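Peer 1: quick one: sequence and predicted model below, then my questions.
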Amino acid sequence: MLQTVFIRENREKVIQALAKRNFDASSLVDEVIALDEKRRATQVELDTVLSESNKLSKDIGELMKAGEKAKAALIKEKTVQFKEKSKELSDALNTVSEELTNVLYKLPNTPADIVPAGKTPEENLEVEREGDIPVLFEGALPHWELAKKYDIIDFELGVKIAGAGFPVYKGKGARLQRALIAYFLDKNTEAGYKEYQVPHLVNEASGYGTGQLPDKEGQMYHVGIDDLYLIPTAEVPVTNLFRDVIIEEKDLPVLCTAYTPCFRREAGSYGAHVRGLNRLHQFDKVEIVRVERPENSYAALDGMVEHVKTILQELKLPYRILRLCGGDMGFAAALTYDFEVFSTAQDRWLEISSVSNFETFQSTRLKLRFRDKEGKNQLAHTLNGSSLALPRVLAGILENYQMEDGIVIPEVLRPYTGFDIIN
RNA sequence: AGAGAGGUGGCCGAGCGGUCGAAGGCGCACGCCUGGAAAGCGUGUAUGCUCCAAAAGGGUAUCGAGGGUUCGAAUCCCUUCCUCUCUGCCA
């Protein structure tokens, strides 16, 4: 959520910045400014009424104590009008505040200056490409065929017990998943991220805190009877650890990592590109989250990108890094780098990590602040990234490491898998 | 799930209808004291919104949350969430 004061003081700047997302914000921005004005005016009026009625109440108290009941009764009559007026005003204040919040919810984050203009994924800016794309033997298979051939992932079995998009990993496939999770967590903790295990279901307040609600309500599974949401990413529970928290500046930055399964309804996305592991309703991911001083957040973002790079380099997977254009960025992000791994057998790039700086967009909602050197509270910046999402990494490994007689396990994973080939 | 007890500031804990944002203690910060430290003494120490060009300062709200009673609620009533104890169920 953007800050009202910022919008009020930077009307043109906000509109221009959002134009980079191909988002015409002018009418919403003006609505915010008008509602804010109304809200403040209402509050001033309310506070004045309350102030006077509080004074009278105090007088009554003193008169009662002094035993001057008649005088007290006289003043009591006067309070009636204040009571009605304050009720009216406080209702009005609630209404206008709610309206303001609802409009604010509709505004996406303002992109950082270096975000390229553009509407579609084709306009994302490739900033780096590394790793050799292997030349596979004749008859190399896409991962869903390999999964079947070596009996390591069973999509049909998942359909039977849950539905499409809920694969069952078996044998070495399951073990490889576990290995990847452990390996990622180890890399992250070595880099200074503290490991967390968090709930996989969250309440409504948490959904609002990180911005999944109300924008993406339909993308989350909802457990109606208890009014909880299955997490679409560990970002939600982990970032919400810091909801309503004031951090001491000396404790910044905060670095967290967590493995969780992720649940996404992915309503409406079907087709040839979502075969196999490419798009799932449940998948595993190891996430990194940072809380930073504003002046450090972009350096931190670069650091996170570097960190993810080292993992892909160790896995020897060919990857490229994209700086997302305004039209392709998520609602809450100010700047996002996507990592894609090249799937040789599918002959296309698969997104495996998305690293973003949210600046104060999340912390405004979360009320996540830190006490600066002057003792003032100010909003912290939040960042997060996948480090890494499992299914497409797995797809990349299966496809790029396939030989005619089996799938070779990347060297760094062997201590975790305990085997070096799937055959 | 049933019965009971309870949720107060960074923490502990008092207050149970009036001037209470809230005693007292601990912690923390600063100052005095000291060669230095401890102890001691003193001062300060919540957050949101808002008014003021800003600082100083003022107003207002907040004692789990939401409603109600009342001129006035941390205190009374209702709803709800959470915690603890016992019983039940259970990995």
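Peer 2: Everything's here; your move.
Peer 1: in stretch A:284-300, what counts as buried?
Peer 2: Of all the residues in stretch A:284-300, those buried under the rule 16 or more other CB atoms under 10 Å are A:284-293, A:297-298, A:300. Just so you know, the C-beta spots here come from the backbone N, C-alpha and C atoms, and that holds for glycine as well.
Peer 1: likewise stretch A:161-168?
Peer 2: A:165-168.
Peer 1: what ranges does the stretch 201-350 of chain A have for its helices?
Peer 2: With helices called from DSSP state H, counting those that start in this stretch, the stretch 201-350 of chain A shows them at A:204-210, A:235-240, A:297-315.
Peer 1: pick the most buried one from those helices.
Peer 2: helix A:235-240 (a mean of 25; mean count of other CB atoms under 10 Å).
Peer 1: average pLDDT for that helix?
Peer 2: Helix A:235-240 comes out with an average pLDDT of 94.
Peer 1: counting contacts, what elements does that helix pack onto?
Peer 2: strand A:201-202, helix A:204-210, strand A:254-263, strand A:282-292, helix A:361-366, strand A:381-389 (3 or more CB pairs under 8 Å, 6 or more residues apart in numbering; DSSP states H and E).
Peer 1: can I get it in CSV, CA atoms only?
Peer 2: Extracted C-alpha coordinates of helix A:235-240, given in CSV (Å, rounded to 0.1, in the frame of the first residue of the first chain):
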residue,chain,number,x,y,z
GLU,A,235,6.7,-14.9,2.1
VAL,A,236,3.3,-14.5,3.7
PRO,A,237,4.0,-16.1,7.1
VAL,A,238,7.6,-15.1,7.3
THR,A,239,7.1,-11.4,6.4
ASN,A,240,4.1,-11.3,8.8
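Peer 1: identify the residues contacting it?
Peer 2: By CB atoms under 8 Å, 6 or more residues apart in numbering, the residues outside helix A:235-240 that reach it are A:196, A:198-200, A:202, A:205-207, A:209-210, A:212, A:231, A:256, A:258, A:260, A:287, A:289, A:362, A:366, A:382, A:384.
Peer 1: just how off-centre is it within its chain?
Peer 2: 8 Å (CA atoms, centre = their mean, to the nearest Å).
Peer 1: and for stretch A:326-333?
Peer 2: Centre to centre, stretch against its chain (CA atoms, centre = their mean), the figure for stretch A:326-333 is 11 Å.
Peer 1: of all of the stretch 251-400 of chain A, which residue lies closest to RNA strand B?
Peer 2: Across the stretch 251-400 of chain A, the shortest distance to RNA strand B (CB to the nearest atom of the strand) belongs to A:N377, at 4.4 Å.
Peer 1: so that residue sits right up against A:L368, yeah?
Peer 2: No. Using CB atoms under 8 Å, A:N377 makes no contact with A:L368, being 10.3 Å away.
Peer 1: in the sheet, who's paired with the residue in the stretch 201-350 of chain A positioned nearest to RNA strand B?
Peer 2: Using CB to the nearest atom of the strand, the single residue of the stretch 201-350 of chain A nearest to RNA strand B is A:I246, 6.2 Å away. According to DSSP bridges, A:R369 are recorded as the beta-bridge partners of A:I246.
Peer 1: up against RNA strand B, what does the stretch 201-350 of chain A have?
Peer 2: Residues of the stretch 201-350 of chain A lying close to RNA strand B (CB under 7 Å from any atom of the strand) are A:I246.
Peer 1: can we see that at 10 Å?
Peer 2: A:203, A:226-228, A:244-246, A:248 (CB under 10 Å from any atom of the strand).
Peer 1: wait, a strand at A:V355?
Peer 2: Yes. Assessed with DSSP: H, G, I helix; E, B strand; the rest coil, A:V355 lies in a strand.
Peer 1: excluding its backbone neighbours, what's nearest it?
Peer 2: A:G385 (3.2 Å; CB to CB, 6 or more residues apart in numbering).
Peer 1: and the one you found, what does it touch?
Peer 2: Applying CB under 8 Å, 6+ apart, the residues near A:G385 are A:287-288, A:304-305, A:308, A:353-356.
Peer 1: which pair of those spans the longest distance?
Peer 2: Using CB to CB, the pair of those lying farthest apart is A:E287 and A:V305, separated by 14.9 Å.
Peer 1: where does the prediction get shaky in chain A?
Peer 2: A:267-274 (pLDDT under 70).
Peer 1: grab the longest helix from chain A for me.
Peer 2: helix A:26-65 (DSSP state H).
Peer 1: I'd like to know which elements the following helix or strand past it is packed against.
Peer 2: Using DSSP states H and E, the helix or strand that follows helix A:26-65 in sequence is helix A:69-106. Applying 3+ CB pairs under 8 Å, 6+ apart, we find helix A:69-106 packed against helix A:26-65.
Peer 1: what's the angle from the helix it packs on to helix A:69-106?
Peer 2: 160 degrees (axes from the mean of the first three to the mean of the last three CA atoms, to 10 degrees).
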